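>>> Predicted model, plus sequence, below.
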Amino acid sequence: MSSESEGYPLAQFRKTFFEECAELLDALQSNLELLSNGSGDGETMHAIFRSVHSIKGGAGAFSLGALVAFSHVFESLLDAMREHKISVAPEVMQLVLRASDALADIVAAARNEQPLAADFAADIVAAMEEVLLGAADAPAPVSQPGPVAPGVDLSGERRYRIAFTPHSEMLQKANEPLLLIRQLRKLGGLVARVDSSRVPPLDVIEPEAAYLSWVFELDTGVPQSAIHEVFEFVEDDCDLKIEDISIRAVVAPVADAANPVAAVAEKTPDAPVAALTPTQSIRVDVDKVDRLVNLVGELVITQAMLTEQGTLLPVDHYPALIQGIEALAQSARELQESVMAIRAQPVKSVFARMPRIVRDLAATLGKEVRIVTAGEMTEIDKTVIEQLSDPLTHMIRNALDHGIEGPDARIAAGKPRQGTIHLSAAQRSGRIVIEVSDDGRGLNREKVLAKAQDRGLVAAGAILSDEEIDNLIFLPAFSTADVVSNISGRGVGMDVVKRNVQSLGGRITVQSRFGAGSRFTLSLPLTLAVVDGMVVSIGKETFIIPLTAIIESLRPQAADIHPVVGRGEVLALRGEYLPLTHLHKCFAIEGAITDPCRGIVIIVESESAGRVGVIVDELLGQQQVVVKSLEANYDPVDGISGATILGNGRVALILDIARLREIDGRTDAEWRADRQPKIQHAAVNVREETPHAA
Amino acid sequence: MAKRILTVDDSKTMRDMVSFTLKKAGYEVGEAEDGKVALTVLAGAKFDLIITDLNMPNMDGISLIKNVRAASQHRAVPILILTTESDSTKKADGKAAGATGWLVKPFSPEKLLELVQRVCP
């Protein structure tokens, strides 16, 4: 609906429309996939058609002309295919796949309100039209409805005679003669004469049959087409004769609908009943779910607080209360899991795009590759899914470009011509594990090590385990491709993948056998709203260090600590020197342990800062914490990524370990003086925003 | 009492737009995302008008119309189908199945209301 009516929330509808387009394009993609590998069924082609049809229908409402025009031709092609007027030959399939890509581009352009080149996808449209023309009885080409004629005929008023005899079918389709007469009366002066001669005696009257007929005389200034419009819906179900009787000499064109075109046989097949009952679902704004997640977070915190207080009570005095607290803990945990499950979505939406990438890329590279996916229905938090696409695409491209050999090389190596990439997802112990494996050439450790040494990433003569060598490929600016190809060697390498994965709280590792293939394993948290954290104390403050960043913790010997001029202290650990960061200095905390040998050194790793040892007073334990964003509660504080409320009601800040080393390096007193109050403020603010926090 | 209208469409965008316009004009509006759901809804409540899309999963508009017309408390209720201008055969199919009239997409809120008032005053 293109109207700009007052209060009409077009922007909101538009948003819904593009959300829907994304889903429709995903569905289109996976169904095309089914169709092209031959595993689709009768419903697949219908579903494909519907996706494009729905996009077109919505696009019209928002006057997205280019989208309407393209999807119209595309839809016609798909319609002919599902009606078996065009067979699903490989070249037609190729065309459909190209068209679906172009459709996605046009949708994206429309969403971002970017103009498209006038000839965008013109070749595809032309090819589709050609295929359609070749079909025996191709559907008529695009026929945009002409503008509706203005309501008034300037030639003045005319008189029409209208003979109208409804058939019983008309009544059965809920068309009321009375409503039509009222409609006619709106057009001008109307004289109606009813013929009731066919009405039978009361005892044989059929309640659903039509017995009356009318003759109207209408004086009106509107053109005759407007009169036809009144009878638009009933033309096939009545005898209708409209004559212009204002100039007797000239007989106006007579529309005789008395003999309707031979009734269209009911050739539309009933939609096949889906074998499976569809999952009932509702669409909810993400903001609402986020609010729910937040509230449940609060609840879990309160519950943890109650549990802690409960332990202080003498058990035999308040057995019912203790029992209640335990029941609350159980329900709270289940509630939290259920709420997290709402945000979870199957990884299918990301996996479904991969076969396409593989096919296109394999064709470009002249390789023969198939992809086998498993575990598509594994669910993971929506925010994680959205950010999973890039690293996954990169890994798949990498496997194709660097991993899998050309057909000849494969045969020479005694492998099947066609390479295989396995992509799987599974849930293991509270995390999602995604594996990308290929049966290609694997990593050449000698080459990897030589290159790393060449670039100074590894000290010459250092002895590395096979696993360590393999994982060198995740170092920044490491590329094993001898020739930088435009496929995966665009100056970004696995280090970017690793950074993406780490920003999701995930880990990535690689296992490889030279000549036999590589397997990349991604381990991701189920959600970003909860992290596993190590609770540590520094002075009177409590901090959380994300568990994924921690490598190990230890109490060093004095002999292992070496002062380095201008860089503070370093810790010698198994032949490696790690810089030490004093958290009490970073956050201006008084009363903390300053001697690393009396405190605990936690070795943490981040992509940008590498390995760093952070000095804390004590480890208080490991726990799952509900992340509260500081940005939402207070200004961001450098070195802090978020906050949480502990069981005792205290606020604990979550360390942004990637920033620690840099912060520790800052020496200006003014900046430091500002730290303490800022941290305090953040904590107070989180506390105030959170009911029940102590 | 306000007239009750059921809008049946697998596209939420369409349902939203139809529903918004009708509600603003004072109608009560029910929604269903396919023919099957619509039949369930219709079995449990009385509606004065049904507006349905044709292409839907599970049960399309034509089957829905046939089902409603065949045997239901709504067999005499007007049914409008939503079609695109290219679907001229669809209009005929819809009519043959028992549709009261059709509305060609894209349509303006005014056009929708005019049509609704025409078949269900």
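Here it is on my side, so go on.
>>> Quick check: which ranges of chain B have low pLDDT?
B:85-87 (pLDDT under 70).
>>> one more time with 80, if that's ok
B:1, B:71-72, B:84-90, B:106, B:121 (pLDDT under 80).
>>> Run through the strands of it in chain order.
B:4-8, B:28-32, B:49-53, B:79-84, B:101-105 (DSSP state E).
>>> looking at chain A, which helix or strand does the model trust least?
helix A:630-633 (a mean of 60; mean pLDDT, DSSP states H and E).
>>> I'd like the next helix or strand past that helix.
strand A:640-645 (DSSP states H and E).
>>> Is any residue of the longest helix belonging to chain A near chain B?
When chain A is parsed with DSSP state H, its longest helix is helix A:10-36. Yes: judged by C-beta under 8 Å from any C-beta of the partner chain, helix A:10-36 and chain B are in contact via A:12-13, A:16-17, A:20. Where you see a C-beta, it was placed from the backbone N, CA and C, and this is true even at glycine.
>>> and that helix, what's its mean pLDDT?
Averaged over helix A:10-36, pLDDT sits at 87.
>>> what's that helix packed up against?
helix A:42-61, helix A:90-111, helix A:354-365, helix B:12-24 (3 or more C-beta pairs under 8 Å, 6 or more residues apart in numbering or on different chains; DSSP states H and E).
>>> Adding distance to A:G599 and mean neighbour count, write these out as JSON lines.
Listed next are the helices and strands packed on helix A:10-36 as JSON lines, based on distance: least, C-beta to C-beta, whole Å; neighbours: other C-beta atoms under 10 Å in any protein chain shown:
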{"stretch": "helix A:42-61", "distance to A:G599": "60", "mean neighbour count": "23"}
{"stretch": "helix A:90-111", "distance to A:G599": "53", "mean neighbour count": "18"}
{"stretch": "helix A:354-365", "distance to A:G599": "47", "mean neighbour count": "17"}
{"stretch": "helix B:12-24", "distance to A:G599": "57", "mean neighbour count": "21"}
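>>> can you redo those as CSV with distance to B:N67?
Converted to CSV, these look like this (distance: least, C-beta to C-beta, whole Å):
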stretch, distance to B:N67
helix A:42-61, 19
helix A:90-111, 33
helix A:354-365, 38
helix B:12-24, 20
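>>> Out of those helices, which is closest to B:P57?
Of all the helices and strands packed on helix A:10-36, the one in closest proximity to B:P57, counting by C-beta to C-beta, is helix A:42-61 (6.6 Å).
>>> circling back: looking at the helices and strands packed on helix A:10-36, which is nearest to A:I508?
helix A:354-365 (17.0 Å).
>>> hmm, who's touching the closest one?
A:29, A:33, A:37, A:97, A:368-371, A:373, A:392-393, A:396-397, A:400-401, A:406, A:421, A:423, A:487 (C-beta atoms under 8 Å, 6 or more residues apart in numbering or on different chains).
>>> ok, now with 10 Å
A:29-30, A:32-33, A:36-37, A:94, A:97-98, A:100-101, A:367-373, A:389, A:392-393, A:395-397, A:399-401, A:404, A:406, A:418-419, A:421, A:423, A:436, A:485-488 (C-beta atoms under 10 Å, 6 or more residues apart in numbering or on different chains).
>>> Give the next helix or strand downstream of that helix.
strand A:369-374.
>>> partners of that next one in the sheet?
strand A:419-428 (parallel) (DSSP bridges).
>>> Any idea how far the strand it pairs with is from the middle of the chain?
With C-alpha atoms, centre = their mean, to the nearest Å as the basis, strand A:419-428 stands 20 Å off its chain's centre.
>>> Also stretch A:29-38?
Relative to the centre of its chain, stretch A:29-38 is centred 20 Å away, using C-alpha atoms, centre = their mean.
>>> Flag every buried residue along it.
For stretch A:29-38, the neighbour count (16 or more other C-beta atoms under 10 Å in any protein chain shown) marks A:29-36 as buried.
>>> Check stretch A:283-295 too.
For stretch A:283-295, by 16+ other C-beta under 10 Å, it's A:292-294.
>>> of those residues, closest to chain B?
Of all these, chain B sits closest to A:L292, with 20.7 Å by C-beta to the nearest C-beta.
>>> still on that earlier bit, of the helices and strands packed on helix A:10-36, give the one that comes closest to A:M534.
Nearest of those (C-beta to C-beta): helix A:354-365, 35.6 Å.
>>> just the CA coordinates of that closest one, formatted as CSV?
Output of helix A:354-365 as CSV, limited to C-alpha atoms (Å, rounded to 0.1, in the frame of the first residue of the first chain):
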residue,chain,number,x,y,z
MET,A,354,27.5,-22.5,2.2
PRO,A,355,26.7,-25.1,-0.5
ARG,A,356,26.2,-22.2,-2.8
ILE,A,357,29.5,-20.6,-2.0
VAL,A,358,31.2,-24.0,-2.5
ARG,A,359,29.6,-24.6,-5.8
ASP,A,360,30.4,-21.1,-7.2
LEU,A,361,33.9,-21.1,-5.9
ALA,A,362,34.6,-24.7,-7.1
ALA,A,363,33.5,-23.7,-10.6
THR,A,364,35.7,-20.6,-10.5
LEU,A,365,38.7,-22.6,-9.4
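>>> how far does it sit from the chain's center?
Worked out by C-alpha atoms, centre = their mean, helix A:354-365 lies 21 Å from the chain centre.
>>> Please apply the same query to stretch B:99-114.
On C-alpha atoms, centre = their mean, the centre of stretch B:99-114 falls 10 Å from that of its chain.
>>> got it, and stretch A:165-173?
Worked out by C-alpha atoms, centre = their mean, stretch A:165-173 lies 49 Å from the chain centre.
>>> From the contact counts, what lies against the helix or strand containing A:E337?
Counting by DSSP H and E, the element that carries A:E337 is helix A:319-343. If you count contacts as 3 or more C-beta pairs under 10 Å, 6 or more residues apart in numbering or on different chains; DSSP states H and E, helix A:319-343 packs onto helix A:286-310, strand A:379-381, helix A:382-398, strand A:618-626.
>>> let's see 7 Å
helix A:286-310 (3 or more C-beta pairs under 7 Å, 6 or more residues apart in numbering or on different chains; DSSP states H and E).
>>> Please say whether there is contact between the helix it packs on and chain B.
No: for helix A:286-310, no contact with chain B is found by C-beta under 7 Å from any C-beta of the partner chain; the gap never falls below 14.7 Å.
>>> what about that helix, average pLDDT?
80.
>>> do the same with stretch A:98-106
In this model, stretch A:98-106 has an average pLDDT of 91.
>>> got it, and stretch A:453-465?
Rounded mean pLDDT across stretch A:453-465 is 78.
>>> Tell me who's in contact with the most centrally placed residue in chain B.
In chain B, the centroid-proximal residue (C-alpha atoms, centre = their mean) is B:I51; its distance is 1.1 Å. By C-beta atoms under 7 Å, 6 or more residues apart in numbering or on different chains, the contact set of B:I51 is B:5, B:7-8, B:18, B:80, B:82.
>>> so which of the residues you listed is the most crowded?
Per-residue neighbour counts (other C-beta atoms under 10 Å in any protein chain shown) across these peak at B:V8, which has 31 neighbours.
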